[in-house]
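>>> Sequence and computational prediction follow.
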Amino acid sequence: MVYENVIYTQKTLSQRYGISIAALQQWFPYAGIVKPKKRGGYFDAAAVEVADIFYVAIRIRRLTFEEYLEQVIPAGGLDAYLRLVNKMTLYDFLTKHISEAEKNNPIVQTVIRRIERHEAYQSASTTATSFN
Amino acid sequence: MKHINQLAQQLQVSTEIVRNICQLLDLEISGNTVSEQVESQLSNLKTVAHKENMSLEEAAQHLVEMRNSSEEMDGRKFNKREYIKQRFGVDPEQAPGDSFVGMLYEDTDRGIQLGQLRHRVVLESSTLALEEFIFSGTGDNLNEFDQAQERINSRIDNDFFGKVNWGEEAHPLVLNTSTPQQKQLKSSQQKIKQSQKK
């Protein structure tokens, strides 16, 4: 079970995605995550959101790290990329076009909830979903 | 602090372009992160670029050009060397110190001081004159002064400054000789050689 209000260290964040710390660290230069300077330091909330999006991009949308860097980032985020390439929003992709098993993935659930919440409040944060 | 990839995503360009632009505009990237200041500068640039319908790179290029041209505007200061060269057709740095141009060149320092003094005097006297006019009206003794001024000016113009190039273009002496600068260089080289022999 993934709790959204939990803050993460490198160890707990790697556990969240079911990967090793070393594997998580390989994400950073591609996803664009600033890792905590201290051992055992915590990520900020934005970094966790970015990591979630990156997880969805590589596992659910099945992009390579390079594709993420070279296509998703210049497009302006995963949502913008999907609109551009697949003619659908990230929300539609996650709620309508993936398998049941993937829909039940806790990370996917979190991202979906985050988009819903964002649309409900129209917050001005600069997450990947805030671009139209 | 923000990761450069996140900034790239926000600006909807590739990471490479962000790096190029930062380099172009002398914005600091420490490792893979940028400060909030840089972030806001680039997002402002993005807004402007979007409004002007140009790419972020074009906008950055444009900004650099604007910076350069404003530097040129600042650089249009009074340059005594260029001034003497333009007026008399001789580079004062290469003219002997006891020559006419050399002496004039030294006089330019005093000229600049005089200019500053004059500026203050003009300001002060105009203020005083204005005060005088306001309280007692205009005086009528200006004619004699004007005539004397005229006489002095015409003498200077005809006897001395007739040969001075008061225009903005290069001095006729310089124009007549086809490659004056090369000549000067050669002659100075010869001088150096001669002095070395001695």
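Happy to help now that I have it. The structure presented is a predicted model; accordingly, all values stated were derived computationally and were not measured.

>>> Roughly how far does the residue in chain B that chain A sits nearest to sit from residue A:30?
Among the residues of chain B, residue B:5 lies closest to chain A, at 2.5 Å counting by C-beta to the nearest C-beta. All C-beta spots, glycine's among them, are computed from the backbone N, C-alpha and C. With the distance defined as C-beta to C-beta, to the nearest Å, residue B:5 ends up 7 Å from residue A:30.

>>> These two - which one has more neighbours?
Residue environment comparison for residue B:5 versus residue A:30 gives the larger neighbour count to residue B:5, 26 against 21, counting by other C-beta atoms under 10 Å in any protein chain shown.

>>> That one contacts residue B:17, correct?
No - Residue B:5 is beyond contact range of residue B:17, at 12.0 Å (criterion: C-beta atoms under 8 Å).

>>> Just give me the neighbour total for residue B:143.
The number of residues packed near residue B:143 is 8, by other C-beta under 10 Å.

>>> and the residue of chain B closest to chain A, what is it in contact with?
Residue B:5 sits next to A:29-32, A:69, A:73, B:15, B:32 when contact means C-beta atoms under 8 Å, 6 or more residues apart in numbering or on different chains.

>>> What are the neighbouring residues in contact with the residue nearest to it when sequence neighbours are not counted?
For residue B:5, ignoring the flanking residues on the chain, the nearest one in space by C-beta to C-beta, 6 or more residues apart in numbering or on different chains is residue A:32 at 2.5 Å. The contact partners of residue A:32, by C-beta under 8 Å, 6+ apart, come to A:50, A:73, B:3-6, B:8-9, B:32.

>>> where does the nearest residue to residue B:96 once chain neighbours are set aside land in three-state SS?
Computed as C-beta to C-beta, 6+ apart, the closest residue to residue B:96 that is not its neighbour in sequence is residue B:102, at 5.5 Å. Applying DSSP: H, G, I helix; E, B strand; the rest coil to residue B:102 yields a three-state assignment of helix.

>>> Just the pLDDT at residue B:102, thanks.
In the predicted model, residue B:102 carries a pLDDT score of 86.

>>> Any buried residues in the helix or strand of chain A with the lowest mean pLDDT, and which?
Taking mean pLDDT, DSSP states H and E as the measure, helix A:106-121 is the helix or strand of chain A with the lowest mean score, a mean of 86. Of the residues in helix A:106-121, those buried under the neighbour-count criterion (16 or more other C-beta atoms under 10 Å in any protein chain shown) are A:107-108, A:110-112, A:114-115, A:118.

>>> Can you give me the distance of the residue nearest to residue B:96 to residue B:115?
21 Å.

>>> Up against chain A, what does chain B have?
Residues of chain B found near chain A, taking C-beta under 8 Å from any C-beta of the partner chain as the criterion, are B:1-6, B:8-10, B:12-15, B:17, B:32-33.

>>> the helices in chain A, which residues?
Counting by DSSP state H, one finds helices in chain A at the ranges A:10-17, A:21-31, A:45-55, A:65-67, A:73-75, A:78-85, A:90-96, A:100-103, A:106-121.

>>> List the backbone torsions phi and psi for residue B:30.
According to degrees, to the nearest 10, the main-chain angles of residue B:30 amount to phi -100, psi 110.

>>> Listing request: residues of chain A with sub-threshold pLDDT.
Within chain A, the set of residues satisfying pLDDT under 70 comprises A:1-4, A:121-132.

>>> Just want the residue of it that's nearest chain B.
Minimum separation of chain A from chain B (C-beta to the nearest C-beta) falls at residue A:32, amounting to 2.5 Å.

>>> From the contacts of residue A:32, keep the buried residues only.
Members of the contacts of residue A:32 that pass the buried threshold by neighbour count (16+ other C-beta under 10 Å) are listed as A:50, A:73, B:3-6, B:8-9, B:32.

>>> Tell me the one among those nearest to residue A:99.
Closest approach between the buried ones among the contacts of residue A:32 and residue A:99, by C-beta to C-beta: residue A:50, at 24.5 Å.

>>> Against residue A:32, how distant is the spatially most central residue of chain A?
Within chain A, the residue whose C-alpha comes closest to the C-alpha centroid is residue A:53; the distance, by C-alpha atoms, centre = their mean, is 1.3 Å. According to C-beta to C-beta, residue A:53 and residue A:32 sit 10 Å apart.
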